[in-house]
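**Student:** When you get a sec, could you give me coordinates for this:
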Amino acid sequence: MSHGDYIPLMRARNGQLHCYRDETTPGGTILGQRLMKNDVTHTLYEYWNNLRGRRPAPMRNEIEPSDIRKILGDTFILEAVDPLTYNFRLAGTRMCSAYCRELKGRNFLAPWNDKDREALATLMAAITEDAAAAVVGMDGVTERGQSLAVEMLLLPLAQSSTNYGRILGSFVAMDNPYWIGIHPIRHQQISSMRLIWPDERPHFMASDDFDTDVVFQEAAVGHHSKRIGHLTVYDGGKN
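**Tutor:** Model prediction:
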């Protein structure tokens, strides 16, 4: 099996990768662009991708707030503390407004239910250990039952050549209801999640010692997506 035949989607806790056949054109841009629904998400991803060059991820100190000043209110930075703790180092004003509180120092995983927290912890491990990127769809609900669809982007930042202990992210509401900043999000649930491999495969697969036959498992899926519980899992694509 060649490296290009299957694209990893989710990194399981036992280290295996569940893989889905790529149905996109070379480069995988069609499905990736479709999954990034908001201009802010596109802008931040392109900034991060250009900044890293041929590296798995840019360094944390290379991020210049002035370069992304137009979307700064939608961005955040997380610090990986342990597998279940990713604290906000910075959080943009528009994101804080959705929760009606300052998020700095709070754990990104804390507000989720147990099932979503476990899924996100696996996703975050792929980002911080394997330099993957991710797009996560979320539905937030206020105490009054008002609902807000949100698109989040999660991107690794390097602290050394092998340590991706920071995450650059964006949080963008897909609508702008009057109650944002008045009624905080109290409950939230994942609606979709997808890993992106910017270089078409995980960074650790570049090793000559890596054996794809050991870790790859083919999964039978439809051409575009499938449902797992309340999650939407997409097949194919790299960015």
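
**Student:** Okay, strands next: where are they in this structure?
**Tutor:** Remark: strands assigned in the chain by DSSP state E are 6-11, 17-21, 75-82, 85-91, 133-142, 147-157, 166-173, 185-196, 216-218, 225-228, 231-234.

**Student:** Which one, of the ones you listed, ends up nearest to T43?
**Tutor:** Set against T43 and scored by CB to CB, the strands of the chain come closest in strand 166-173, at 8.4 Å. In this view, the C-beta of every residue, glycine as well, is placed from N, C-alpha and C.

**Student:** For that closest one, which helices and strands make contact with it?
**Tutor:** Applying 3 or more CB pairs under 8 Å, 6 or more residues apart in numbering; DSSP states H and E, one finds that strand 166-173 makes contact with helix 39-52, strand 75-82, helix 93-99, helix 114-130, strand 147-157.

**Student:** Mind putting those into JSON lines with mean pLDDT?
**Tutor:** Converted to JSON lines, the helices and strands packed on strand 166-173 look like this (pLDDT from 0 to 100):
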{"stretch": "helix 39-52", "mean pLDDT": "95"}
{"stretch": "strand 75-82", "mean pLDDT": "97"}
{"stretch": "helix 93-99", "mean pLDDT": "96"}
{"stretch": "helix 114-130", "mean pLDDT": "94"}
{"stretch": "strand 147-157", "mean pLDDT": "97"}
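
**Student:** any weak-confidence spans in the chain?
**Tutor:** 1-35, 200-239 (pLDDT under 70).

**Student:** Single out the most deeply packed of the helices and strands packed on strand 166-173.
**Tutor:** strand 147-157 (a mean of 22; mean count of other CB atoms under 10 Å).

**Student:** can you tell which of the helices and strands packed on strand 166-173 is closest to I182?
**Tutor:** Nearest of those (CB to CB): helix 93-99, 9.3 Å.

**Student:** partners of the closest residue in space to A57 that isn't next to it in sequence in the sheet?
**Tutor:** Among residues not flanking A57 along the chain, P156 sits closest, at 4.2 Å (CB to CB, 6 or more residues apart in numbering). For P156, the beta-bridge partners are I167 (DSSP bridges).

**Student:** Tell me who's in contact with P156.
**Tutor:** 56-57, 127-128, 131-133, 164, 166-168 (CB atoms under 8 Å, 6 or more residues apart in numbering).

**Student:** Swap in 10 Å and give it another go.
**Tutor:** For P156, the contact set (CB atoms under 10 Å, 6 or more residues apart in numbering) comprises 48, 52, 56-58, 60, 80, 124, 126-134, 163-168, 198, 203.

**Student:** Could you measure from it over to G181?
**Tutor:** As judged by CB to CB, to the nearest Å, P156 and G181 stand 30 Å apart.

**Student:** OK, contacts around the closest residue to T43 other than its chain neighbours?
**Tutor:** Excluding its sequence neighbours, the residue lying closest to T43 (CB to CB, 6+ apart) is I71, at 5.7 Å. Neighbour list for I71: 38-41, 43-44, 47, 92, 94, 170, 172 [criterion: CB under 10 Å, 6+ apart].

**Student:** Just flag the most distant two among those.
**Tutor:** Largest pairwise distance in those, by CB to CB, is 17.4 Å, between Y47 and R94.

**Student:** residues in contact with the nearest residue to R55 once chain neighbours are set aside?
**Tutor:** Spatial nearest neighbour of R55, excluding adjacent residues (CB to CB, 6+ apart): A158 at 7.3 Å. Residues near A158 by CB under 10 Å, 6+ apart: 52, 55-62, 131, 164-166.
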